[in-house]
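>>> One predicted model, sequence on top.
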Amino acid sequence: MRKDFLWGGAVAAHQVEGAYQTGGKGLSIADVMTAGSREQARRITAGVLEGEYYPNHEGIRFYEHYKEDIRLFAEMGFKCFRTSIAWSRIFPQGDEETPNEEGLRFYDDLFDELHKYQIEPVITLSHFEMPYELVKKCGGWRSREMIGHFIRFAQTVMERYKEKVKYWMTFNEINNQMILTNNIYAFTNSGILFEEGEDRLKTVYQAAHYEFVASAEVVRMGHEINPDFMIGCMVAATPVYAYSCHPDDVLLAQREDRKNLFFADVHARGHYPAYVKKEWERLGYQLDITKEDLEIIRKGCVDYIGFSYYLSSAISADPKVKKLGDDLAAGTDTVENPYLPMTPWGWAIDPKGLRYILNQYYDRYEVPLFVVENGFGFEDVMEDGQIHDQNRIEYLSDHIREMVKAVEEDGVDLLGYTVWGCIDPVSFGTGEMRKRYGFIYVDKKDDGSGTYERIRKDSFYWYQELINKMSK
Ligand code: BG6
């Protein structure tokens, strides 16, 4: 492992900060999403409605507690901490000419606090939290106008924090929007609300194009602001396995895998791959893509690929094999992998899949990689004020073991590893608190009640020891 390997944890602003109307912050898309559960999807409401509960409004009150929380991260020995900048704290409506100074000051203080403990901030520019006004005004990333708004936001924060932040990522899990069956993904990635009967795939490809242009321009601009910046993309890495060695399954898996790879392909290689151009031709798509756009994309290849890894999926072309009907990663042809256990939320636990994906990406792109999310969502049980989360420790140790093999045995260049939800956040997918990820328990229930007290779980001490051992 690298001497300067970045061990740490990750969260996103909207899932922890709360204070949704404090310090001049505007409404973000996360502020109009109600609570849900595994069985019941979160709803997107037209603005903040009376009588509805929005779990992100208070998050876990990180906005007030961040000093105490960072002290706990330092106690575990974190080398880095990944979070995002809430765009709507900096540009509350999204289209202002001048930023909100109070919002900028909050992140100045946050980064200073991290540096006090030699913790390196790793920052996502857009993690499911664009200003809600931009959804109303221009339909989110349906509009080319968004490129300018995003670049203004990125330029503002990159210039402001050029001495405080080195590692950046543009769009969180940008490939999630390829999951077309659930409205939540296009909305959280791109602020898009699908209309009745519209060609969703075409809409998403167009939005993704504008995001690629914006991201590439930010990479170019960021290097001008500070040549030492490392600017990456961020994708959800979910390998798709063939259910059997039947060539139909293998070909189907390859095709499905490309839905994910497509995004890293464009970010890292700087051009559209042949398979997608053929798909557009076949579907008769004429997208708004100019020569200048392609030139920007060509010149703005990312410095590294950041990715989240939680699960793998399996897929079968055989109609007789029972489909899960789940929409994660491999669409409706996903089947249960008989070799893997699942979390209570139906995510296949596959540590070797992490080694597989690290190798797949490194073979394909030959740029450094960064595991910026990996974690175990589980309903922790409190016993006498303590949480013995042995299953989380096992999940993480198994994944870390495979990750280390990818580096030490396979030669993958890996920058770091940040455990998702290092302090229990509000779940993005369900809005629940009961789906906990943290080393640090937060006393908040699904309905928002609780003391918000922070409690160290057993995994806290385990991770502390691991970082200590691995950093010697
Ligand atoms: C990723 C996101 O999808 O996975 C995070 O980048 C999210 O924002 C995490 O929280 C885990 O998903 P969930 O739905 O369990 O919170």
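Happy to help now that I have it.

>>> all contacts plus neighbour counts: C-alpha atoms, from now on.
Fine.

>>> For stretch 358-368, buried residues please.
L358, N359, Y361, Y362, Y365, V367, P368 (16 or more other C-alpha atoms under 10 Å).

>>> Next: stretch 78-87.
Across stretch 78-87, burial judged by 16+ other C-alpha under 10 Å covers F78, K79, C80, F81, R82, T83, S84, I85, A86, W87.

>>> got it, and stretch 56-75?
56-63, 66, 69-70, 72-74.

>>> so which of those residues comes closest to E279?
Distances from E279 to these, taken as C-alpha to C-alpha, are shortest for N56 (37.9 Å).

>>> Would you confirm that the closest one belongs to a strand?
No. Read with DSSP: H, G, I helix; E, B strand; the rest coil, N56 is helix and lies in no strand.

>>> correct me, but it touches Q21?
No. Taking contacts as C-alpha atoms under 8 Å, N56 lies outside contact range of Q21: 11.3 Å.

>>> on that earlier part again, just the ones of the buried residues of stretch 78-87 in strands?
If you go by DSSP state E, the buried residues of stretch 78-87 have C80, F81, R82, T83, S84 in strands.

>>> Can I get those residues in a markdown table including pLDDT?
Formatted as a markdown table, those follow (pLDDT from 0 to 100):
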| residue | pLDDT |
| --- | --- |
| C80 | 98 |
| F81 | 98 |
| R82 | 98 |
| T83 | 98 |
| S84 | 98 |
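
>>> anything in stretch 39-55 near the ligand?
No. Stretch 39-55 does not reach the ligand (C-alpha under 6 Å from any ligand atom); its nearest approach is 10.6 Å.

>>> show me what contacts V419?
Taking C-alpha atoms under 8 Å, 6 or more residues apart in numbering, we find V419 in contact with G8, G9, A10, V372, E373, N374, G375.

>>> do the same with H223
H223 touches F229, counting by C-alpha under 8 Å, 6+ apart.

>>> That one sits in which helix or strand?
Assigned by DSSP states H and E, H223 belongs to helix 200-225.

>>> Looking at that helix now, give me its mean pLDDT.
The average pLDDT within helix 200-225 is 98.

>>> mind listing what's buried in that helix?
Quick answer for helix 200-225 (16+ other C-alpha under 10 Å): 200, 202-222.

>>> Show me what from this protein comes close to the ligand.
For the chain, the contact set with the ligand under C-alpha under 6 Å from any ligand atom comprises E173, G377, S427, F428, G429, T430.

>>> Now the third one: which helix or strand?
What that stands for is S427. S427 is located outside every helix and strand, with elements delineated by DSSP H and E.

>>> which strands and helices sit next to the helix-or-strand element of the chain with minimal mean pLDDT?
Least confident helix or strand, the chain: strand 334-335 with a mean of 90, by mean pLDDT, DSSP states H and E. Under the contact definition 3 or more C-alpha pairs under 8 Å, 6 or more residues apart in numbering; DSSP states H and E, strand 334-335 sits against strand 313-315.

>>> for the residue of the chain positioned farthest from its centre, what are its contacts?
Relative to the C-alpha centroid of the chain, counting by C-alpha atoms, centre = their mean, K320 is the outermost residue, at 34.6 Å. Residues counted as contacts of K320 (C-alpha under 8 Å, 6+ apart): none.

>>> Which residue ranges of the chain form helices?
13-16, 62-76, 87-90, 101-116, 132-138, 145-160, 183-190, 200-225, 247-269, 274-283, 291-299, 351-365, 390-408, 458-470 (DSSP state H).

>>> Turn those helices into a markdown table, columns for distance to S308.
As requested, these are exported to a markdown table (distance: least, C-alpha to C-alpha, whole Å):
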| stretch | distance to S308 |
| --- | --- |
| helix 13-16 | 16 |
| helix 62-76 | 20 |
| helix 87-90 | 21 |
| helix 101-116 | 23 |
| helix 132-138 | 25 |
| helix 145-160 | 22 |
| helix 183-190 | 15 |
| helix 200-225 | 18 |
| helix 247-269 | 12 |
| helix 274-283 | 23 |
| helix 291-299 | 23 |
| helix 351-365 | 10 |
| helix 390-408 | 12 |
| helix 458-470 | 19 |
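
>>> looking at the ones you listed, which is closest to S312?
That would be helix 351-365 among those, by C-alpha to C-alpha, at 6.3 Å.

>>> From the chain's centre, how far out is stretch 134-146? Work that out for me.
Computed by C-alpha atoms, centre = their mean, to the nearest Å, the chain-centroid distance of stretch 134-146 equals 21 Å.

>>> Then stretch 89-102?
Put simply, stretch 89-102 sits 23 Å off its chain's centre (C-alpha atoms, centre = their mean).

>>> got the buried residues for it?
Buried residues in stretch 89-102 (16+ other C-alpha under 10 Å): R89, I90, F91, P92, Q93, G94, D95, P99, N100.

>>> In contact with the first one, which residues?
Taking C-alpha under 8 Å, 6+ apart as the criterion, R89 is in contact with G23, G24, K25, G26, N100, G103, L104.

>>> need the contact list for G429.
The contact partners of G429, by C-alpha under 8 Å, 6+ apart, come to A41, R42.

>>> Please renumber the chain so that the first residue is 6 from this point on.
With the count now opening at 6, the last piece we talked about shows up as G434.

>>> Phi first, then psi, for it.
Phi and psi for G434, reported as degrees, to the nearest 10, are phi -70, psi -40.

>>> so what pLDDT did it get?
pLDDT recorded at G434 is 91.

>>> now S464
Note on S464: pLDDT of 98.

>>> what's the answer for the one 3 residues further on, then?
Turning to W467, the model gives it a pLDDT of 98.

>>> From G390, how far off is it?
Look at W467 and G390: by C-alpha to C-alpha, to the nearest Å, they are 18 Å apart.

>>> So for the two, which residue has more residues nearby?
W467 (16 against 9; other C-alpha atoms under 10 Å).

>>> My guess is the more buried one contacts R397. True?
No. With contacts counted by C-alpha under 8 Å, W467 stays clear of R397, the gap being 10.2 Å.

>>> Now G455. Nearest residue, chain neighbours left out?
K449 (4.4 Å; C-alpha to C-alpha, 6 or more residues apart in numbering).

>>> Just give me the neighbour total for that neighbour.
Neighbours of K449 (other C-alpha under 10 Å): 21.

>>> got the phi/psi numbers for it?
According to degrees, to the nearest 10, K449 has phi -140, psi 140.

>>> correct me, but it touches R459?
No. Under the criterion of C-alpha under 8 Å, K449 is not in contact with R459, lying 9.6 Å apart.

>>> could you dump the buried residues of stretch 363-373 to JSON lines with distance to A51?
Shown next, in JSON lines, are those (distance: C-alpha to C-alpha, whole Å):
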{"residue": "L363", "distance to A51": "40"}
{"residue": "N364", "distance to A51": "43"}
{"residue": "Y366", "distance to A51": "39"}
{"residue": "Y367", "distance to A51": "42"}
{"residue": "Y370", "distance to A51": "41"}
{"residue": "V372", "distance to A51": "42"}
{"residue": "P373", "distance to A51": "41"}
